[in-house]
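sequence plus the predicted model coming up.
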Amino acid sequence: GAGVSQSPRYKVAKRGQDVALRCDPISGHVSLFWYQQALGQGPEFLTYFQNEAQLDKSGLPSDRFFAERPEGSVSTLKIQRTQQEDSAVYLCASSLVSGQGQSPLHFGNGTRLTVT
Amino acid sequence: SQQGEEDPQALSIQEGENATMNCSYKTSINNLQWYRQNSGRGLVHLILIRSNEREKHSGRLRVTLDTSKKSSSLLITASRAADTASYFCAPSSGGSYIPTFGRGTSLIVHP
């Protein structure tokens, strides 16, 4: 497709369930980012990949959060034993090159996760 | 990377008026980007201004950069209801660029 695709668009999980969120970046984009956005807030950085390498995961809030990009294209963000505070929109973005912000980020429309 | 801080947090204007929002940052930058987010959607890149540029235009958008004051402004001229959105800045500094965002400016344009 032409843009970044995220699925599912909406996810409702019971507290304690595991969830997996998928991101299909734009073909050929080297960099991939995950963000978490709470209602009324800006996106908070979670983790960053350059091709298949996870170069920064400093934003992951706990060890319940895990992200992978095994072949350098599609990425999955997994949250284990979901808690109510995990309820947020999870945004994925990709960019053509990495380094010094020369390449704009292209965002998907996000996955809205609601933990009940 | 560093986070930009947008100001004001909220702005409400009438269609046809101009809207100005500001971004401040703390350390030297390579460039600064502005993004827009419509409700329920992802962010959309608007414009990039490099540290050696002072002003840049794109359609009804005008971005200025004052590196001495570590600030940037985004001006939307002749606003339309469709400009209603949140606006974020993302300054870039250092080698490895990870865009970080503040709370944004929420702009409402009344028809």
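Now that the structure is in, tell me what you want to look at.

any idea which residue sits dead centre in chain A?
A:Trp34 (3.1 Å; C-alpha atoms, centre = their mean).

quick check, it in a helix?
No. Counting by DSSP: H, G, I helix; E, B strand; the rest coil, one finds A:Trp34 to be strand, located in no helix.

with A:Leu60 as the reference, measure out to the residue nearest to it when sequence neighbours are not counted.
Nearest residue to A:Trp34, sequence neighbours excluded (C-beta to C-beta, 6 or more residues apart in numbering or on different chains): A:Leu46, at 4.2 Å. Bear in mind the C-beta positions are built from the backbone N, C-alpha and C, glycine included. From A:Leu46 across to A:Leu60, the span is 6 Å (C-beta to C-beta, to the nearest Å).

any shared contact partners between these two?
A:Ala67 (C-beta atoms under 8 Å, 6 or more residues apart in numbering or on different chains).

my guess is B:Ser73 contacts B:Ala19. True?
No. Assessed by C-beta atoms under 8 Å, B:Ser73 is found out of contact with B:Ala19, at 10.5 Å.

can you list the residues of chain A near chain B?
Residues of chain A found near chain B (C-beta under 8 Å from any C-beta of the partner chain) are A:4, A:33, A:35, A:40-45, A:48, A:55-56, A:91, A:93, A:98-102, A:104-110.

what's the neighbour count on residue 91?
No chain in the question, so chain A it is. When neighbours are defined as other C-beta atoms under 10 Å in any protein chain shown, A:Leu91 has 26 of them.

that's the wrong chain, I wanted chain B
28.

which residues does the one helix or strand it maps to contact?
Using DSSP states H and E, B:Pro91 falls within strand B:85-92. With contact meaning C-beta under 8 Å, 6+ apart, strand B:85-92 is reached by A:42-43, A:100-101, B:1-4, B:6, B:21, B:23, B:25, B:29-39, B:43, B:46, B:72, B:74, B:99-102, B:104-107.

that older thread, B:Ser73 and B:Ala19: which is more packed in?
The neighbour count for B:Ser73 versus B:Ala19, taken as other C-beta under 10 Å, is higher for B:Ala19 (20 against 17).

how close does the nearest residue to the more buried one once chain neighbours are set aside get to B:Arg36?
Once flanking residues are discounted, B:Ala19 sits nearest to B:Ile76: 4.5 Å by C-beta to C-beta, 6+ apart. Distance, B:Ile76 to B:Arg36, using C-beta to C-beta: 10 Å.
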